[in-house]
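K.L.:
next come a sequence and a model predicted from it.
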Amino acid sequence: MTATTPSSAPGLARLAALLAANAPCDGSFATCIPGLHAVRASTPSEELVHGLHRPALCIVAQGAKTVMLGDEAYDYDPSRMLVFSLDLPIAAMIRQASVAAPYLSFRLDFDQERLAELVLKAWPDGAPPLRQERAVYVAQASEAIVDAAARLLALAAQPEDAALLAPLVHDEIVLRLLRGPFGARLAQLGRIESTRVGKVVAWIRAHYDQPMRIGEMADLAHMSPSALHGHFKSLTSMSPLQFQKTLRLQEARRLMLSTGMDAGLACQRVGYVSASQFSREYARHFGSAPTRDMSRLREAGLTGAVLF
């Protein structure tokens with residue numbers, strides 16, 4: 001286990017034991033508590049795994065992981081936690097894991113409506129302004145947050161109690177996050193600009209294979225095209241067109257790897273008109289052309305290269 005802060009180490013040990021019980025083998029396991037997952041991996045990643053990550057709190061109780069958003073890297077381990085406040089196409093790599101000490105992670109997906117209600121309770125006069133607006137960030141995993149996460153996960157083994165008590169512990173975790181030093185970053189989920197950008201993100205997710213016109217996206221967000229571009233890039237580190245391209249390439253890779261679809265059909269399925277453009281952008285994003293990439297992944301047994 002990576003070195004931890006003295007105050008949170010006992011709580012992390014308990015959280016790790018609960019995660020191991022709820023994730024008996026490698027994979028991501030949903031619990032009876034809505035939005036709560038236990039994740040285990042017994043080997044480090046051989047390469048980056050690509051996918052779309054929804055708004056969530058992630059706490060590593062054992063092992064270490066790196067998340068890439070565009071060209072930015074975020075490292076987290078048992079001394080830190082990662083918070084996503086918007087749907088983001090990311091790449092991730094587990095850096096530290098073994099059979100004896102597997103990577104173990106707690107993930108709690110945010111309910112945006114409930115979060116908005118709690119923002120009003122935590123900041124009745126309005127959340128403080130943001131200096132930086134990126135929708136993913138790493139922060140210290142405090143003893144109180146780790147303890148609450150362990151208590152929430154413990155309730156997963158008690159479904160009857162969980163139905164009554166889990167919402168209370170869930171709210172405690174979110175309120176502690178909101179009242180912490182990075183609470184304004186999480187509160188941005190309820191900000192007008194983030195909500196408007198979120199509408200554009202939702203449209204791109206649902207229509208990634210269709211042509212996108214920035215003017216129409218600006219109208220959807222009730223912003224000027226330049227304002228939308230600025231807010232979108234500030235939150236996601238990429239432009240709306242780059243965001244769409246990333247989703248298209250991730251989905252094309254998933255289709256080819258999981259269904260055996262050839263590159264030509266996958267290219268069309270995700271909305272590309274030009275096969276040569278698709279091949280160039282795929283190679284730029286994943287490091288090799290589609291056919292060569294598929295051969296390499298299948299030979300290495302990396303069938304989960306587009307899943308989390």
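P.N.:
Perfect, I can see it now. Residues are numbered from 1 along each chain as shown.
K.L.:
list the contacts of the nearest residue to M212 once chain neighbours are set aside.
P.N.:
Sequence neighbours aside, Q244 is the residue nearest to M212 in space, at 5.6 Å (criterion: Cβ to Cβ, 6 or more residues apart in numbering). Where C-beta positions appear, they are placed from N, C-alpha and C, glycine not excepted. Q244 is in contact with I204, Y208, M212, counting by Cβ atoms under 8 Å, 6 or more residues apart in numbering.
K.L.:
export those residues as a markdown table, with columns for pLDDT.
P.N.:
Shown next, in a markdown table, are the contacts of Q244 (pLDDT from 0 to 100):
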| residue | pLDDT |
| --- | --- |
| I204 | 94 |
| Y208 | 94 |
| M212 | 94 |
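K.L.:
thinking again about what came up before, if I look at the residue nearest to M212, how far off is S288?
P.N.:
Distance of Q244 to S288, computed by Cβ to Cβ, to the nearest Å: 22 Å.
K.L.:
returning to that earlier point: could I get the contacts of Q244 as JSON lines with distance to Y282?
P.N.:
Putting the contacts of Q244 into JSON lines (distance: Cβ to Cβ, whole Å) gives the following:
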{"residue": "I204", "distance to Y282": "19"}
{"residue": "Y208", "distance to Y282": "15"}
{"residue": "M212", "distance to Y282": "19"}
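K.L.:
which ones among these map onto helices?
P.N.:
Within those, residues falling in helices by DSSP state H are I204.
K.L.:
let me know the closest of the contacts of Q244 to H231.
P.N.:
I204 (14.4 Å; Cβ to Cβ).
K.L.:
and the nearest residue to that closest one once chain neighbours are set aside, how far from G260?
P.N.:
In this structure, I204 finds its nearest non-sequential neighbour in Q244, 5.1 Å apart by Cβ to Cβ, 6+ apart. Remark: distance between Q244 and G260 (Cβ to Cβ) = 25 Å.
K.L.:
repeat for T31
P.N.:
Distance, T31 to G260, using Cβ to Cβ: 33 Å.
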